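Novice: requesting a structural model of the entry that follows:
(one chain, ligands or ions: 1)
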Amino acid sequence: MTQLLIGTIVESEYELAKEVVKQAFLGEEHTDGNEHELIGKIRKSPTYNAELEVVAKTESGKILGHAMMSEVTVNSDEQSNVVLALAPVSVLPEYQNRGIGKALIEALEYRAYENGYIGVVVLGHSEYHQKLGYHIASDFDIYTPFEVPDENFMFKYLWDHPTKEIRGTVHYPEAFQ
Ligand SMILES: CC(C)(COP(=O)(O)OP(=O)(O)OC[C@H]1O[C@@H](n2cnc3c(N)ncnc32)[C@H](O)[C@@H]1OP(=O)(O)O)[C@@H](O)C(=O)NCCC(=O)NCCS
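Specialist: Numbering: from 1, shown residues only. This is a model prediction of the structure:
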């Protein structure tokens, strides 16, 4: 494969990225088929940060993958903390299993770390995300407000020695409703 470039999405790529997301989720079993609409909704959220939306493309500019992170809060009786949700992650079906998803996620994690975020939640494939250092969120006392299998809801601290422990139930903003 030619060199893969990972960079912040620009507005002229919005439509192509939407198509990549749509294609990626077409064959997926656990999907509501609306992930391509979700990315547009997240962009309208007041806390949207374009630095946390990336595309993977070839040197000629063909978009092969897309991923984004956005703010959610984790609330308990004692505390409320902002973390990031990794959603969605999409790679064109014919380019899957070549490390593009991993490269997108690692690029976002680095940006999130640089921006001072403590951790990331993800609702995804347990085997896939655990390879990337995510763990079952309930092991950290972090829960989803949705009914999903425990193993599919995961969390990762971005710091080796986080300044605080995150605990509670995740509150997703309106874009996810
Ligand atoms: C899930 C997805 C983003 C992974 O991206 P990808 O570029 O295909 O994955 P990578 O090449 O980075 O895979 C890295 C590793 O995970 C493995 N892997 C890939 N997809 C996997 C899956 N669904 N379950 C378990 N392991 C998986 C790969 O075999 C590879 O293993 P290796 O490092 O031992 O070789 C991509 O397959 C996709 O777009 N799927 C449809 C949409 C989706 O389900 N998104 C995730 C939920 S938001």
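
Novice: what's around Pro162, how many residues?
Specialist: 11 (other C-beta atoms under 10 Å). In short, each C-beta sits where N, CA and C put it, glycine included.

Novice: and if you look at Gly133?
Specialist: Neighbour number of Gly133 under other C-beta under 10 Å is 14.

Novice: for the chain, what lies in contact range of the ligand?
Specialist: For the chain, the contact set with the ligand under C-beta under 6 Å from any ligand atom comprises 24-25, 28, 87-91, 96-102, 124-125, 127-128, 131.

Novice: just the buried ones out of those residues, please.
Specialist: With neighbours counted by 16 or more other C-beta atoms under 10 Å, these contain buried members at Ala24, Phe25, Ala87, Pro88, Val89, Ser90, Val91, Ile100, Gly101, Gly124, His125.

Novice: looking at the residues you listed, which is nearest the ligand?
Specialist: Distances from the ligand to these, taken as C-beta to the nearest ligand atom, are shortest for Gly101 (2.2 Å).

Novice: wait, the closest one sits on Val91?
Specialist: Yes: between Gly101 and Val91 a contact is recorded at 5.0 Å, counting by C-beta atoms under 8 Å.

Novice: identify the contacts common to those two.
Specialist: Gly65 (C-beta atoms under 8 Å, 6 or more residues apart in numbering).

Novice: in this protein, which spans are strands?
Specialist: Assigned strands in the chain, in chain order: 5-8, 53-57, 63-75, 80-91, 119-123, 135-136, 142-143, 153-157, 168-171 (criterion: DSSP state E).

Novice: is it possible to export the ones you listed to JSON lines including mean pLDDT?
Specialist: Below are the strands of the chain laid out as JSON lines (pLDDT from 0 to 100):
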{"stretch": "strand 5-8", "mean pLDDT": "98"}
{"stretch": "strand 53-57", "mean pLDDT": "98"}
{"stretch": "strand 63-75", "mean pLDDT": "98"}
{"stretch": "strand 80-91", "mean pLDDT": "98"}
{"stretch": "strand 119-123", "mean pLDDT": "97"}
{"stretch": "strand 135-136", "mean pLDDT": "97"}
{"stretch": "strand 142-143", "mean pLDDT": "98"}
{"stretch": "strand 153-157", "mean pLDDT": "98"}
{"stretch": "strand 168-171", "mean pLDDT": "98"}
